[in-house]
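Q: Got a sequence here, can you model it:
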Amino acid sequence: MNSGSDYGDKLDTIDLIITALKEHEKMLDSVHAKLEKLVDKVSVKESVREPVAARGLERFSEGLLFISCKKWRDFKSKCKRASVITFEICDNTFFVCVQLKGNIFRYSEKIPQNTFKLVNEGKQYLVEKFYIEDVENPLFFNGTLKCGLKLLTKPTKTDLTDQEFQITMNYDLDSALAKEFLSKELSVSKENIIEGRITL
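A: Residues are numbered from 1 along each chain as shown. Have a look, this model is predicted:
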């Protein structure tokens with residue numbers, strides 16, 4: 001008798017899970033349809049764009065605004081709980097884009113490339129020259145962008161002579177860490193965060 005009740009409870013639980021998944025699928029279909037509609041309406045040709053008086057804004061056809069945020073805190077305050085977020089590194093720049101209330105918000109941050117020259121002095125190395133692109137945020141110390149995202153550090157060694165070589169600090173994106181960071185910062189489920197771009 002009890003095992004039949006347990007079986008019924010399990011079936012009820014499975015039914016609830018299936019119902020929740022169907023609702024989630026409907027919601028994703030709705031978001032997908034809205035994004036497709038948006039893509040159909042918007043043209044990215046330069047001739048269609050009109051400059052807007054405020055700096056950092058561009059207006060596309062159909063009244064869509066493209067808003068480029070210079071500060072992470074501004075982007076974060078405007079883009080919390082967005083339905084879809086995209087991110088990528090392109091041309092040594094980290095980009096995050098959000099479609100929200102008919103507007104596209106974008107945050108971008110250049111990833112500096114730092115190099116230094118080392119000289120072998122027997123038991124130790126002397127740092128002879130150090131080149132930093134951004135003194136405001138010396139990324140080479142901890143591999144963290146101004147927005148707070150931690151990047152993977154990939155140093156590259158180039159031999160200059162037998163006793164001298166150059167180290168170039170390159171940085172790369174860990175997709176899982178980026179999704180976790182953006183999910184926390186913008187209060188959005190990781191399932192709605194995509195590595196890629198919003199194309200207009």
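Q: This structure - how does it break down into domains?
A: 1-41, 42-110+175-195, 114-172 (automatic domain parsing).
Q: And those domains, which one averages the lowest pLDDT?
A: Mean pLDDT is lowest for domain 1-41 out of the domains of the chain, coming in at a mean of 62.
Q: in the protein, which spans are strands?
A: Counting by DSSP state E, the chain has strands at residues 50-51, 57-59, 65-69, 84-90, 93-100, 103-110, 114-120, 125-131, 152-159, 164-172, 193-195.
Q: right, so these: which one is the most enclosed?
A: Greatest average neighbour count among the strands of the chain goes to strand 93-100 (a mean of 20), per mean count of other Cβ atoms under 10 Å. For every residue, glycine as well, the C-beta is placed using N, CA and C.
Q: Quick one: residues in contact with it.
A: 35, 38, 75, 78-79, 82-89, 104-111, 145, 147, 149, 173, 182, 186, 197-198 (Cβ atoms under 8 Å, 6 or more residues apart in numbering).
Q: ok, 7 Å please
A: 35, 38, 79, 82, 84-88, 104-111, 145, 149, 182, 197-198 (Cβ atoms under 7 Å, 6 or more residues apart in numbering).
Q: picking up where we left off before, to A178, which of the strands of the chain lies closest?
A: The closest of the strands of the chain to A178 is strand 84-90. By Cβ to Cβ, the value is 5.6 Å.
Q: That closest one versus strand 164-172: what angle between them?
A: 160 degrees (axes from the mean of the first three to the mean of the last three Cα atoms, to 10 degrees).
Q: so who does G102 touch?
A: Going by Cβ under 7 Å, 6+ apart, G102 touches L64.
Q: got it, and the one 4 residues further on?
A: Shown here is R106, whose contacts under the criterion Cβ under 7 Å, 6+ apart are 68-69, 95, 97.
Q: what separates the nearest residue in space to L65 that is not next to it in sequence from K110, distance-wise?
A: If the residues on either side of it in the chain are set aside, L65 comes closest to N103, at 4.4 Å by Cβ to Cβ, 6 or more residues apart in numbering. Applying Cβ to Cβ, to the nearest Å, the value for N103 to K110 is 24 Å.
Q: what does K117 give?
A: In terms of Cβ to Cβ, K117 sits 23 Å off from K110.
Q: Also D91?
A: Here the criterion is Cβ to Cβ. By it, D91 lies 9 Å from K110.
Q: again, but for M169
A: 14 Å.
Q: And G143, by the same measure?
A: G143 is 15 Å from K110, by Cβ to Cβ.
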